[in-house]
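**Q** sharing a sequence plus its predicted fold:
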Amino acid sequence: MPVSRSDTDRKKRRGKALRISAAFAVLLGLAGYAVTHYVTGGVGPARCIVRSPGEGAVDYEIEPDQAANAATIAAIASQRDLPKEAVTIALATAMQESGLRNLDHGDRDSVGLFQQRPSQGWGNEEEAMDPVIAAGKFYDHLEQIEGYTQIPLTDAAQRVQLSAHPEAYAKHEANAKLLANALTGGRAAAFHCTAGYKGPSTKAGSPEKLREQLVREFGRDVLPAEARRASATTGAGSGRSAERQREIVIPAGADERGWELAYWAVAHSAGLRIAEVSFQGHVWDAVTSEEGWHESGDGAPVPDDDAAVTIRLTTGQ
């Protein structure tokens, strides 16, 4: 049946209308991005950066959720007083198994950071999906390997994981070492995260939640008894008094311990609504997070001992 001229014209008009609609949608998207960028002072995607030592070295970048999981893995090792090599092995394993993401799926019934299988004795699915418990179970198995710090990383990881591809862990060793060295406090001001925007948070952080997570990951001794008992104030106070209610001060006592705690706080800053972290005269804050760590500039002397990490939560709007 021949196509009439009117049918052809209608098709042309319909096609033109669709092209106009598509172009308009693209313009709306660009306009929305521009407005968001202007209002928030956008500075690019949120990311976490490990500064590599030496001139010309390449920095290592990961996403905030990956950094938070890595910091948890390092914290559990710290609670158990395990060596840096244990953190490196655990991080390389999680990099290979899940990309440092807490996956709810995998091969057969594998889930979580380490793709642990409930059917193979790694606990139930809820436990395997809990980064704290999953890391603990990984270290349980690692510690049973005699001399695990002296054998190749890929061998140690394989003896825990029983992977079908044991050689795969080796490719992550360099980045795992770099990240482990940072998260265990090996270098000052070597790790920071960017918020992906400039501007105040619209949601207040919870001191109770911060304390609970610190104790769960580092152990009860991470906070003084009075700090563990302290509770968040709801609606009371104003000015500097209210601001202090959202500050958590953690005794460090040594540079490596202090940076370990400071980096943990920065890595968890998005989830815990942390606005600022300070230690030994260095400050990281969410508003200027693209700049990394900077000196406090208040002129106060930095103590040689009995140092503390101060974490300040967002107050919301």
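**A** All right, it came through fine.

**Q** just the element for the residue nearest to the spatial centre of the chain, please.
**A** Note on the chain: the residue nearest the mean C-alpha position is Ala68, at 2.3 Å, using CA atoms, centre = their mean. Under the criterion of DSSP states H and E, Ala68 resides in helix 64-79.

**Q** who are the packing partners of that helix?
**A** Packed against helix 64-79 by the contact rule (3 or more CB pairs under 8 Å, 6 or more residues apart in numbering; DSSP states H and E) you find strand 47-50, helix 84-98, helix 131-142, helix 173-183, helix 207-218, helix 255-267, helix 269-272. No exception for glycine: its C-beta is placed from N, CA and C like everyone else's.

**Q** next structured bit after the second one?
**A** Moving toward the C-terminus from helix 84-98, the first helix or strand encountered (DSSP H and E) is helix 125-128.

**Q** show me what that next one is packed against.
**A** Going by 3+ CB pairs under 8 Å, 6+ apart, helix 125-128 lies up against helix 131-142.

**Q** may I see the buried residues of the helix it packs on?
**A** Of the residues in helix 131-142, Pro131, Val132, Ile133, Ala134, Ala135, Gly136, Lys137, Phe138, Tyr139, His141, Leu142 count as buried by neighbour count, 16 or more other CB atoms under 10 Å.

**Q** from the chain's centroid, how far away is it?
**A** 18 Å (CA atoms, centre = their mean, to the nearest Å).

**Q** avg pLDDT for that helix?
**A** Helix 131-142 comes out with an average pLDDT of 98.

**Q** what about dumping the CA coordinates of the following helix or strand past that helix to CSV?
**A** Next in sequence after helix 131-142, counting helices and strands by DSSP H and E, comes helix 153-161. Extracted C-alpha coordinates of helix 153-161, given in CSV (Å, rounded to 0.1, in the frame of the first residue of the first chain):
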residue,chain,number,x,y,z
LEU,A,153,51.7,-12.3,50.0
THR,A,154,49.9,-14.3,47.3
ASP,A,155,50.7,-17.6,49.2
ALA,A,156,49.4,-16.2,52.5
ALA,A,157,46.2,-14.9,50.9
GLN,A,158,45.6,-18.1,49.0
ARG,A,159,46.0,-20.2,52.2
VAL,A,160,43.1,-18.2,53.7
GLN,A,161,40.9,-17.9,50.6
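
**Q** what packs against helix 153-161?
**A** The helices and strands touching helix 153-161, judged by 3+ CB pairs under 8 Å, 6+ apart, are helix 84-98, helix 131-142, helix 173-183.

**Q** nearest residue to Arg246 in space, please, no chain neighbours.
**A** Distances taken as CB to CB, 6 or more residues apart in numbering put Leu313 closest to Arg246, at 4.2 Å, once the chain neighbours are dropped.
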